[in-house]
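Participant: Build me a model from this:
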Amino acid sequence: MVDTLFNRVKNLSETQPDKAAVCFKKECLTYKELFDVAYSMSVQLKEEGIKPGDRVAYSAISKPETVAMYLALNMTGAVSVFLDKNSTPEGMKNVYDEADAVALYTEKPMRQYAEGVNLKSLRALFMDAQENSRTSLDELRNPEEEEISEILFTTGTTSKPKGVMLSYRAVYNILSNTILGTGVQEEDKVLLPLPLNHSFALRVLRAVLYKGATLVLQNGFTFAKEVENNINTFGCTAMAAVPASYEVMRSQMQGAFSGVLENLRYIEFGAGSLSPRQRKEITELLPGVQIFNTWGSSESGGAIFCNVNEVVNDPEKISALGRPISGRVQVRALNAEGETVRGDITSPGRMSIKGDMIMSGYWKNDELSRETLKEGWLLTSDLIYTDDEGYVYMLGRADDIINVGGEKVSPLEVEAVACQYEGIMECACIGVEDPDDLLGQIPVLFITANSSYNENEFIKFLSGSFEKYKVPKKFIPVEEIPKNRMQKIDRNELRRMWENQSDMDLMNPVMQCILSRRSIRRFTDKDIPANILEMILKAGYQAPTGHNMQSWKFTVLTKQEDIERLKEAARIAAEANKVNFYGFENPKVLILVSNDDRNHNGCQDCSCAAENMMLAAASYGIGSVWLNPLRTLRHKSPVEEVLDSFNVPANHTVWASVALGYATHQGQQIKRKTDVIEYI
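Facilitator: Sure, this is the predicted structure:
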């Protein structure tokens, strides 16, 4: 028999009954409450006819009822089939049918896809179990090691879902590897802002509860303010995240990033590798926080762990995946003949992995299972090599490797080097057919660039960084790099974009400037040339105005003492009047865009002018940020006295303050809403 999470939670409900087990906003369950409600749910599931081995699908929403349902199904002997909470009704129906499920628990309206589906309410089941506790406890079952606990399905409406079957033995060893890899402790309170149908989130969930720590759920990283609130409210000591969420948090928190996260004990990044640049940045910003980067998959759980703090100053190891858990996980590289090789960057092998945590196989797909599982080893499509100390390095998936005239190019290597160029914000490399039919394939690089990007300089940078055949032959500016649900690069979508190049031809210099401009709050000491500043201001007064009134005024501050005096006055007034004030560091110019209060179009006119000036600045490689606290602080002391000294008319509202300067950092890309357009 193998140890189980539900038996462990039962024991914890007796040894630490009042300790918080899982929390979401104001809803918290202690270990006793969690076990009691899960047990009650399991009794009700049995009463509804759920039997051992039945597949039960349910929406994996980031709330306590999902955790309770998972434990309840384990107690019942049924198999958990997790559904992405954002999945379409059609996608949910596809997984339901593919799993031969007997019930689907969700709050999502299924409409035309409900036919033939045994629909149930997860929330109703959870609430009933809380209100009608079943206390006559039967002896909990002890499943066999190879009995299936859960199936993790890929979802989609265009392809058949693929189900990864995990046994109770695999689940126990996955959670054990996570505990060993990150050192989660009983005292920890771990923030988990990830979708609970994903293998990374599930292995964190299992490890935290098995250890007897506290799990704090959050519905994604869309708003970094929620991260801050949860850390402060629950006293979180750790967090799980994906690399893209780091960029979101830095962008939204701005200068508060370090202050919000610096008291965490550790952060585990998974579902993708932090780039060398990100590893350096985050360890510098959070020197007292342990940073882990975990490699794992649905088929293996987390198996390779990198202690980023230990490798960040090593130019070789900084890009490593990490090392497998000693004594529990084996990793080897296989050549084309299936022989074990250590390999190197020029001759990698396919990764094969072994341990008690690997899957039992793919649901109803014996052929793929036989191809993937060989003599206890899980064969992946990832190309790797290892070093003398056991560190594993990945070059990418085998089908992503680019064959340039017989030379192998890793897209991950190209991306890691390209992202070190200051003009590149994000990039993704793929191989495409050589239009000249000479090399077989050529590398092309999709980029999101900032205002300092210069293609000729970029090519020189790349040419000095690695061999000529690795330098991309074409650079394609895009608004954003396409990513999947877990924020990994979607290379299939990139290939589709390449095949539809007519859409990309629309990316002219004006559009590129608009799409690449980012807010910049920290600036260098470099002065803005007077002639460029004049052109930026000209862009401002060339903006459209209502009735062509042009009643605005641009007050241009170029002396540092004036800029700092206004900044300090705004800080004092903002604090006294409870107004949000997000500062800036060292702008060379601050332009106050104001308008006569008698002009009903004053706000619109100033907005157009400010946007024109910021886009003009971006076209010259100058960073900018829009600041607007002066709109509400115009007549508050000490701001009013400072603005009066700058001759800003008393009857003018300062609708925008535009800070300008050469950037010290890359601005962060903010996810834009695309569902705001309606054609009539």
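Participant: Alpha carbons only: can I get stretch 405-415 in CSV?
Facilitator: Presented in CSV, the C-alpha positions along stretch 405-415 are these (Å, rounded to 0.1, in the frame of the first residue of the first chain):
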residue,chain,number,x,y,z
GLY,A,405,22.4,23.2,-43.7
GLY,A,406,23.0,20.2,-41.4
GLU,A,407,23.9,22.4,-38.4
LYS,A,408,21.5,22.2,-35.4
VAL,A,409,20.2,25.5,-33.9
SER,A,410,18.4,25.6,-30.6
PRO,A,411,15.6,28.2,-30.6
LEU,A,412,16.1,28.5,-26.8
GLU,A,413,19.7,29.5,-27.2
VAL,A,414,18.9,32.1,-29.8
GLU,A,415,16.1,33.5,-27.6
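Participant: Now that stretch: buried residues?
Facilitator: Across stretch 405-415, burial judged by 16 or more other Cβ atoms under 10 Å covers 408-415. To be clear about C-beta, it is placed using only N, CA and C from the backbone, and glycine gets the same treatment.
Participant: Can you tell me what sits against it?
Facilitator: Contact with stretch 405-415 is made by 273, 275, 345-346, 348, 383, 394-396, 400-403, 427-431, 438-440, 443, 445, 466-467, 469-470, 472, 491, as judged by Cβ atoms under 8 Å, 6 or more residues apart in numbering.
Participant: Tell me the buried residues within those residues.
Facilitator: Of the members of these, the ones counted as buried by neighbours, 16+ other Cβ under 10 Å, are 273, 275, 348, 383, 394-396, 400-402, 427-431, 439, 443, 445, 469-470, 472, 491.
Participant: Please flag which of these sit within strands.
Facilitator: 383, 394-396, 402, 427-431, 443, 445 (DSSP state E).
Participant: Format the residues you listed as CSV; extra columns: distance to Glu187 and pLDDT.
Facilitator: Below are these laid out as CSV (distance: Cβ to Cβ, whole Å; pLDDT from 0 to 100):
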residue, distance to Glu187, pLDDT
Leu383, 40, 88
Met394, 34, 88
Leu395, 39, 84
Gly396, 39, 82
Ile402, 48, 87
Cys427, 41, 89
Ala428, 40, 90
Cys429, 43, 92
Ile430, 45, 90
Gly431, 48, 90
Pro443, 48, 91
Leu445, 46, 92
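Participant: export the residues you listed to TSV and tack on distance to Asp84?
Facilitator: Formatted as TSV, these follow (distance: Cβ to Cβ, whole Å):
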residue	distance to Asp84
Leu383	29
Met394	26
Leu395	29
Gly396	25
Ile402	31
Cys427	28
Ala428	23
Cys429	28
Ile430	26
Gly431	30
Pro443	33
Leu445	31
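Participant: Which member of those residues is positioned nearest Glu247?
Facilitator: Nearest to Glu247 among these is Cys427, at 13.4 Å by Cβ to Cβ.
Participant: show me what contacts the closest one?
Facilitator: Contacts of Cys427 by Cβ under 8 Å, 6+ apart are 415, 418-419, 445-448, 481.
Participant: Then Asp399?
Facilitator: By Cβ under 8 Å, 6+ apart, the contact set of Asp399 is Ser381.
Participant: again with Ala57
Facilitator: Here Ala57 is in contact with 81-83, 92, 95-96, 99, 101, 103-105 (Cβ under 8 Å, 6+ apart).
Participant: Can you get me a residue count around Gln487?
Facilitator: 17 (other Cβ atoms under 10 Å).
Participant: Surely Ala68 and Met41 touch.
Facilitator: Yes: counting by Cβ atoms under 8 Å, Met41 is a contact partner of Ala68 at 5.9 Å.
Participant: Quick check: neighbours shared by these two?
Facilitator: Listed contacts common to Ala68 and Met41 are 126, 129; contacts here mean Cβ under 8 Å, 6+ apart.
Participant: Among those two, which residue is more densely surrounded?
Facilitator: Applying other Cβ under 10 Å to Ala68 and Met41 shows that Ala68 carries more neighbours, namely 29 against 25.
Participant: any idea of the mean pLDDT for the strand or helix carrying Phe200?
Facilitator: For Phe200, the host element (DSSP states H and E) is helix 199-211. The pLDDT scores in helix 199-211 average 96.
Participant: Can I get the helix or strand following that helix in CSV? Just the C-alpha atoms.
Facilitator: Once helix 199-211 ends, the next helix or strand along the chain (criterion: DSSP H and E) is strand 214-217. The C-alpha coordinates for strand 214-217 follow below in CSV (Å, rounded to 0.1, in the frame of the first residue of the first chain):
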residue,chain,number,x,y,z
THR,A,214,-1.4,26.5,4.6
LEU,A,215,-2.5,26.9,0.9
VAL,A,216,-3.7,30.3,-0.2
LEU,A,217,-5.6,30.2,-3.5
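Participant: elements contacting the helix holding Phe200?
Facilitator: On a contact count with 3 or more Cβ pairs under 8 Å, 6 or more residues apart in numbering; DSSP states H and E, helix 199-211 meets helix 5-15, helix 64-76, helix 168-182, strand 189-192, strand 214-217, strand 238-241, strand 290-297, strand 301-307.
Participant: about what we covered before: quick check, nearest of the ones in strands among the buried ones among the contacts of stretch 405-415 to Val341?
Facilitator: Nearest to Val341 among those is Leu383, at 11.4 Å by Cβ to Cβ.
Participant: follow-up on the earlier one: return the subset of the contacts of Cys427 lying in strands.
Facilitator: With DSSP E as the criterion, strands contain 445-448 from among these.
Participant: out of these, who's nearest Glu284?
Facilitator: Among the ones in strands among the contacts of Cys427, and counting by Cβ to Cβ, the member closest to Glu284 is Thr448, at 23.2 Å.
Participant: quick one: contacts for the closest one?
Facilitator: 424-427, 477-481, 515-516, 669.
Participant: Quick check: of the residues you listed, which lies closest to Gly546?
Facilitator: When the contacts of Thr448 are ranked by distance to Gly546 (Cβ to Cβ), Leu515 comes first, at 27.4 Å.
Participant: Touching, that closest one and Asn450? I think so.
Facilitator: No: contact criterion Cβ under 8 Å: Leu515 and Asn450 do not qualify, at 10.6 Å.
Participant: These two - which one has more neighbours?
Facilitator: Counting neighbours by other Cβ under 10 Å for Leu515 and for Asn450 shows that Asn450 has the greater number, 21 against 17.
Participant: neighbours around Tyr620, how many?
Facilitator: Tyr620: 16 neighbours (other Cβ under 10 Å).
Participant: got the helices and strands packed on helix 199-211 as a markdown table, with distance to Pro315 columns?
Facilitator: Output for those, formatted as a markdown table (distance: least, Cβ to Cβ, whole Å):
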| stretch | distance to Pro315 |
| --- | --- |
| helix 5-15 | 41 |
| helix 64-76 | 42 |
| helix 168-182 | 24 |
| strand 189-192 | 32 |
| strand 214-217 | 37 |
| strand 238-241 | 25 |
| strand 290-297 | 17 |
| strand 301-307 | 15 |
